[in-house]
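Colleague: 3D, please:
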Amino acid sequence: MKAIWKGTVVAESADTVVVEGNHYFPLASLDRQYVVDSSHQTTCSWKGVASYYTLRVDGADNANAAWYYPTPKAGAESVAGRVAFWKGVQIEQ
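Modeller: Have a look, this model is predicted:
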């Protein structure tokens, strides 16, 4: 699977986990040259606190377009060490 934004592959892996319709890629599959830490956080009632990354491609930012759970709650272990995407990021095979 590939996560693509602005024609650029920002993550690629054959090992994704699908939770609630979102492909969670291993954190190690992120191409770090396109990732900027964000201070944004949200809370999911069953997965826990999500942290975010902003994607930066060719000088354009897609704020908080990737999220991950640093310490998922019990029952959400399948997303540990993984990242998912939204906000116009295309997921393709």
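
Colleague: what ranges do the strands span in the chain?
Modeller: Shown for the chain, the strands assigned by DSSP state E span residues 2-5, 8-12, 17-19, 22-26, 35-44, 48-57, 60-68, 82-85, 90-92.

Colleague: right, and Ala63 touches Asp37 too?
Modeller: No. Shown here, Ala63 and Asp37 do not form a contact pair, counting by C-beta atoms under 8 Å, at 11.7 Å. Every residue, glycine included, has its C-beta placed from N, CA and C.

Colleague: intersection of neighbour lists for the two?
Modeller: Counting by C-beta atoms under 8 Å, 6 or more residues apart in numbering, the shared contacts of Ala63 and Asp37 are Thr54.

Colleague: more neighbours, those two?
Modeller: Comparing Ala63 with Asp37 by other C-beta atoms under 10 Å, the one with more neighbours is Ala63, at 13 against 9.

Colleague: roughly how far apart are the more buried one and Lys73?
Modeller: Between Ala63 and Lys73 the computed distance is 25 Å (C-beta to C-beta, to the nearest Å).

Colleague: ok, Lys87 next?
Modeller: For Lys87 relative to Lys73 (C-beta to C-beta), the value is 24 Å.

Colleague: ok, Gln41 next?
Modeller: Gln41 is 14 Å from Lys73, by C-beta to C-beta.

Colleague: dihedrals phi and psi, Glu20?
Modeller: phi 50, psi 40 (degrees, to the nearest 10).
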